[in-house]
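> from the sequence below, what's the structure:
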Amino acid sequence: MLVETAVFAAVAALMGVSTVAFVAFSLLGDHENEYFLLPPAIMSIAGLSYAGMAASSGGVALEGLVVELRYLDWALTTPLIVLHIAVVAAAPRKTIAAAMGADALMIGAGYAATTAATPGVKWGGFAVSSVAFLAVVYLLLTTVTDGVRDESAAVQGTFRTLRDLTIALWFVYPVIWLLSGSGVGVISTADYHFIIAVLDTTAKIGFTSIVTFSITRVGDLFAESETTTATTAA
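Coordinates of the predicted model:
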């Protein structure tokens, strides 16, 4: 338990430092577009969640709420990640709403599967979550991607890097869940928490790093997307 607490605390610290660094970079570059709030919001939520998990696993506060805090984190941050990717591609609002809705279903069903008291609910929830995840992937690879085809090579490269990183890492989560105590029980709880912490850190800080290195190009696309999404909403 001490190791898990240390891992949770380390991730919380990394998320906090990354949030401050991104905000400082944005302010120094005078990037004021509202969509630049998404990366620090994502990392702040994750950081607070991991701080809560550290307190919970350490018996300081929120005891026994590690699972709830993790899924609360995912319920808030994963739709924001989907939103960010879709906005970079100037996707239609209906597509963005569909992708975020599928994402919410994915997390909700995953939580139901993880906390289920019966095998039927557990595997049913896992199946629903998996189908919802595939729906998110489908939308990101098709309708969302269509919106960026006429953009510059630089913008397309930024979008595809964000999209592919997210899809690749998110594919690992259900595999780890299957191997954990919630699934077939091949890996220990401590190993599960460590692997998920690494995935979360890579997904969120990696995502933000890509945005940081591409911040000028992404900012230009955001400015255009505000008009494009309005005209494609219907």
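> against Leu2, how distant is the spatially most central residue of the chain?
Nearest residue to the geometric centre of the chain (C-alpha atoms, centre = their mean): Thr78, 3.4 Å. Distance of Thr78 to Leu2, computed by C-beta to C-beta, to the nearest Å: 29 Å. Backbone N, C-alpha and C define where each C-beta goes, glycine included.
> equivalent analysis for Ala135, please.
For Ala135 relative to Leu2 (C-beta to C-beta), the value is 40 Å.
> returning to that earlier point: my read: the residue nearest to the centre of the chain touches Ile107, true?
Yes. Thr78 is in contact with Ile107 according to C-beta atoms under 8 Å; the separation is 6.1 Å.
> circling back to that earlier point, more neighbours: Ala135 and Leu2, which one.
Ala135 (17 against 8; other C-beta atoms under 10 Å).
> could you find the closest non-adjacent residue to the more buried one?
Ala102 (4.1 Å; C-beta to C-beta, 6 or more residues apart in numbering).
> one more: Leu165?
Nearest residue to Leu165, sequence neighbours excluded (C-beta to C-beta, 6+ apart): Gly206, at 5.9 Å.
> Ala99 now?
Closest residue to Ala99 apart from its sequence neighbours, by C-beta to C-beta, 6+ apart: Leu139 at 4.5 Å.
> state the distance from that neighbour to Thr118.
Counting by C-beta to C-beta, the gap from Leu139 to Thr118 is 31 Å.
> show me which of these two is the more surrounded one.
Leu139 (22 against 8).
> residues contacting the more buried one?
Thr95, Ala98, Ala99, Ala102 (C-beta atoms under 8 Å, 6 or more residues apart in numbering).
> and the second one, how many residues sit next to it?
Think Ala98. Count around Ala98 with other C-beta under 10 Å applied: 19.
> cool, and Ser152?
12.
> repeat that for Thr142.
For Thr142, using other C-beta under 10 Å, the count is 10.
> same check on Thr202?
For Thr202, using other C-beta under 10 Å, the count is 15.
> ok, and what's touching the one helix or strand Ile195 maps to?
Under the criterion of DSSP states H and E, Ile195 resides in helix 189-213. Helix 189-213 has contacts (C-beta under 8 Å, 6+ apart) with 3-4, 7-8, 10-11, 14-15, 18, 22, 25, 39-40, 42-43, 46, 50, 66, 70, 73, 77, 81, 84, 158, 161-162, 165-166, 169-170, 172-173, 176, 179-181, 187, 218.
> now do the buried residues in it.
192-197, 200-201, 203-205, 207-212 (16 or more other C-beta atoms under 10 Å).
> and stretch 149-161, what's its mean pLDDT?
Across stretch 149-161, pLDDT averages out at 79.
> pull it out as PDB, backbone CA atoms only.
In PDB, the C-alpha atoms belonging to stretch 149-161 read as follows (Å, rounded to 0.1, in the frame of the first residue of the first chain):
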ATOM      1  CA  ARG A 149      -8.100  16.900 -44.700                       C
ATOM      2  CA  ASP A 150      -8.000  20.400 -46.300                       C
ATOM      3  CA  GLU A 151      -5.700  21.800 -43.600                       C
ATOM      4  CA  SER A 152      -2.000  22.400 -43.900                       C
ATOM      5  CA  ALA A 153       0.500  19.500 -43.500                       C
ATOM      6  CA  ALA A 154       1.600  20.900 -40.200                       C
ATOM      7  CA  VAL A 155      -1.900  21.000 -38.800                       C
ATOM      8  CA  GLN A 156      -2.700  17.500 -40.100                       C
ATOM      9  CA  GLY A 157       0.500  16.200 -38.500                       C
ATOM     10  CA  THR A 158      -0.400  17.600 -35.100                       C
ATOM     11  CA  PHE A 159      -3.900  16.200 -35.300                       C
ATOM     12  CA  ARG A 160      -2.800  12.700 -36.300                       C
ATOM     13  CA  THR A 161      -0.200  12.600 -33.600                       C
END
